[in-house]
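>>> Coordinates only, no sequence provided:
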């Protein structure tokens, strides 16, 4: 891999500049106002794949945003790796909390990143991470070091639930045929503590609406007798957890897989400092389900969180009204054996049941995803572990992540493929938040490590 590393070193500045150009495109899939930018981003990804040496590059239409595909076939005797990533990003709001414009990337030195970090929406999630694969692929092609056949599938709807990806997979099974899926939309424990994600939580995401009177009312004339949807919504949401922070939705925990004491003890070996965790997000205490550690609450336990809540008057000054409606967005992270559709149904039934008769309730499901657990005894996992051990100088820790990548379960159910989750982000990268960033160290460490994965995966596949 020395020639590969030499190529990477010789092209560092260009690799960075090309990522910055990609980050300047505001490819926000959740907001239709950005639709032209999302499509422009797909074209940019396709152009980068072609420039890197990919063949058969296509921008393939779906019922939503397109999928960018490209491949490179080396030999029928070699295994094929399907690389997945997404070019869409989260909205940048609230814009006023960014230290620099979200789509004007800059590189700044920080205490954690003395070599610099790239600040921009999508820097880590997922443009910086999937672009590592494009640049690693280019380095392998240019160094004649491509040890596997490669297929790229970069989508544009991950941040809105990958709604059209399952039908895409069904339609293009033959095109996407591979031996393993490789994804870098996860992270490592620390810059000096590599890890490989072996589990992801699922997701049920809903919007709730409470309607009381047929119009906004004067709070002096009607207050005390008319139902107040905002008050009622607050009371209903507050009742969704008990004093031990357990979710009160009937049947919510019925299918939750409980880990053994031995499994929990193995998880506890991963380093975690409550003090550093609290300092990193500027809090003075940790909350969560009784009987579980903070890392367990963030990975092997299900959650329910309010992501947004609104209603009534929120402008400057005062307007004394009882709102006609109140709304909230609620996400539930799920663990193995919990089915998102069933959880959505349980939540809907429960939420309707706890509403007082004075209001009407509407629950609208948005999107969801299945939880996933990946094996640690596969050839692909071993290849990823060997690659990281070489580039980081220590064996990576298997780690269960708290986030969701709905498509992972779909890869297995539709394509029959397992996934290796070899990401390089950090919890402190502020994904989905203002000032999202990605360390320059992490970016190039990924580019350096990915070719090693292909080398080891090819060698292990032969043995």
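Cool, got the structure. Owing to the predicted nature of the structure, the values given are computational and were not obtained by experimental measurement.

>>> what comes into contact with the helix or strand hosting residue 17?
Using DSSP states H and E, residue 17 maps to helix 12-23. Under the contact criterion CB atoms under 8 Å, 6 or more residues apart in numbering, helix 12-23 has outside partners 8, 41, 44-45, 48, 87, 103, 105, 107, 118, 120-123, 127-128, 131, 135, 440, 443-444, 447. (Glycine included, C-beta is placed from N, CA and C.)

>>> What separation is there between residue 421 and residue 197?
Residue 421 is 4 Å from residue 197, where distance means CB to CB, to the nearest Å.

>>> Please apply the same query to residue 33.
33 Å.

>>> What of residue 433?
Applying CB to CB to residue 433 and residue 197 gives a distance of 20 Å.

>>> the more surrounded of these two?
Remark: of residue 433 and residue 197, residue 197 carries more neighbours, 28 against 15, as counted by other CB atoms under 10 Å.

>>> which residues touch the more buried one?
186-187, 374, 399-401, 421-423.

>>> which of those tops the neighbour count?
residue 422 (30 neighbours).

>>> Touching, that one and residue 388? I think so.
Yes. The criterion here is CB atoms under 8 Å, and residue 422 meets it with residue 388 at 7.3 Å.

>>> okay, and the common contacts of these two?
Common neighbours of residue 422 and residue 388, using CB under 8 Å, 6+ apart, are 196, 449.

>>> Check whether residue 289 really touches residue 297, as I assumed.
Yes. The pair residue 289 / residue 297 is scored as a contact, 5.7 Å apart, by CB under 8 Å.

>>> Between those two, which has more neighbouring residues?
Neighbour count, other CB under 10 Å: between residue 289 and residue 297, residue 297 has more, with 19 against 16.

>>> residues in contact with that one?
Contacts of residue 297 by CB under 8 Å, 6+ apart are 288-289, 303.

>>> Among the residues you listed, which are located in strands?
Among the contacts of residue 297, the members found in strands (DSSP state E) are residue 303.

>>> Save the contacts of residue 297 as a markdown table, and put in distance to residue 111 and pLDDT too.
As requested, those are exported to a markdown table (distance: CB to CB, whole Å; pLDDT from 0 to 100):
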| residue | distance to residue 111 | pLDDT |
| --- | --- | --- |
| 288 | 27 | 96 |
| 289 | 32 | 97 |
| 303 | 30 | 97 |
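
>>> Residue 452: which of the contacts of residue 297 is nearest?
Distance to residue 452 across those (CB to CB) is lowest for residue 303, with 35.1 Å.

>>> Who's the closest spatial neighbour of the closest one, skipping the chain neighbours?
Nearest residue to residue 303 in three dimensions, chain neighbours excluded: residue 333, at 4.5 Å (CB to CB, 6 or more residues apart in numbering).

>>> quick one: average confidence on the helix or strand the one you found falls within?
With elements taken from DSSP H and E, the one containing residue 333 is strand 325-334. Mean pLDDT, strand 325-334: 97.

>>> likewise stretch 439-448?
On average, stretch 439-448 scores 98.

>>> which outside residues touch it?
By CB under 8 Å, 6+ apart, stretch 439-448 touches 5, 8, 12, 15-16, 19, 107, 112-113, 115-118, 124, 128-129, 132, 135-136, 139, 184, 188, 191, 391-392, 424-426, 429.

>>> what's near enough to touch residue 192?
With contact taken as CB under 8 Å, 6+ apart, residue 192 is in contact with 392, 394.

>>> Now do it against residue 62, distance only.
40 Å.

>>> ditto for residue 205
Residue 205 is 20 Å from residue 62, by CB to CB.

>>> which of these two has more neighbours?
Neighbour totals were compared for residue 205 and residue 62, and residue 205 leads with 21 against 16 (other CB under 10 Å).

>>> Using the three-state scheme, assign that one.
What DSSP: H, G, I helix; E, B strand; the rest coil gives for residue 205 is strand.

>>> ok, what's across the strand from it?
As for beta bridges, residue 205 partners with residue 331, residue 367 under DSSP bridges.

>>> Kindly report the same for residue 363.
Using DSSP bridges, the bridge partners assigned to residue 363 are residue 208.

>>> Check residue 367 and give its pLDDT.
Confidence score, pLDDT, at residue 367: 82.

>>> you'd agree it is up against residue 164?
No. Between residue 367 and residue 164 there is no contact under CB under 8 Å: 11.1 Å.

>>> how near is residue 393 to residue 399?
Distance, residue 393 to residue 399, by CB to CB: 18 Å.

>>> Residue 116: neighbour count?
Residues contacting residue 116 under the criterion other CB under 10 Å number 17.

>>> need the contact list for it.
Here residue 116 is in contact with 107-109, 439-440 (criterion: CB under 8 Å, 6+ apart).

>>> wait, isn't residue 216 in contact with residue 311?
No. Using CB under 8 Å, residue 216 is not in contact with residue 311, being 9.7 Å away.

>>> Give me the common contacts of those two.
Common neighbours of residue 216 and residue 311 (CB under 8 Å, 6+ apart) are residue 323.

>>> can you pull out the strands in the stretch 201-350 of the chain?
202-211, 217-218, 303-311, 321-322, 325-334 (DSSP state E, counting those that start in this stretch).

>>> tell me the SS of residue 181?
strand.

>>> no no, residue 154
strand.

>>> doesn't residue 68 make contact with it?
Yes. Between residue 154 and residue 68 there is a contact at 4.4 Å, judged by CB under 8 Å.

>>> shared neighbours of the two, which are they?
Common neighbours of residue 154 and residue 68 (CB under 8 Å, 6+ apart) are 45, 87.

>>> Tell me how many other residues crowd residue 352.
Residue 352: 13 neighbours (other CB under 10 Å).

>>> Identify the residue spatially nearest to it, adjacent ones excluded.
Counting by CB to CB, 6+ apart, residue 352 lies nearest to residue 361, which is 5.0 Å off, once chain neighbours are set aside.

>>> Which residues belonging to stretch 380-399 are considered buried?
Neighbour-count burial for stretch 380-399 flags 380-381, 383-389, 391-392, 396-399 (criterion: 16 or more other CB atoms under 10 Å).

>>> What is the longest helix of this structure by residue count?
helix 440-462 (DSSP state H).

>>> so residue 44 touches residue 25, yeah?
Yes. Look at residue 44 against residue 25 with CB under 8 Å: they come within range, at 6.1 Å.

>>> The residue of the chain positioned farthest from its centre and residue 356, how far apart?
Farthest-out residue of the chain from its mean C-alpha position, per CA atoms, centre = their mean: residue 221, at 47.7 Å. From residue 221 across to residue 356, the span is 21 Å (CB to CB).

>>> and what of residue 84?
From residue 84 to residue 356 the distance is 46 Å (CB to CB).

>>> more neighbours, the two?
Neighbour totals were compared for residue 84 and residue 356, and residue 84 leads with 27 against 12 (other CB under 10 Å).

>>> got a list of what residue 201 touches?
Counting by CB under 8 Å, 6+ apart, residue 201 has contacts 299, 302-303, 333-335, 371, 401-404.
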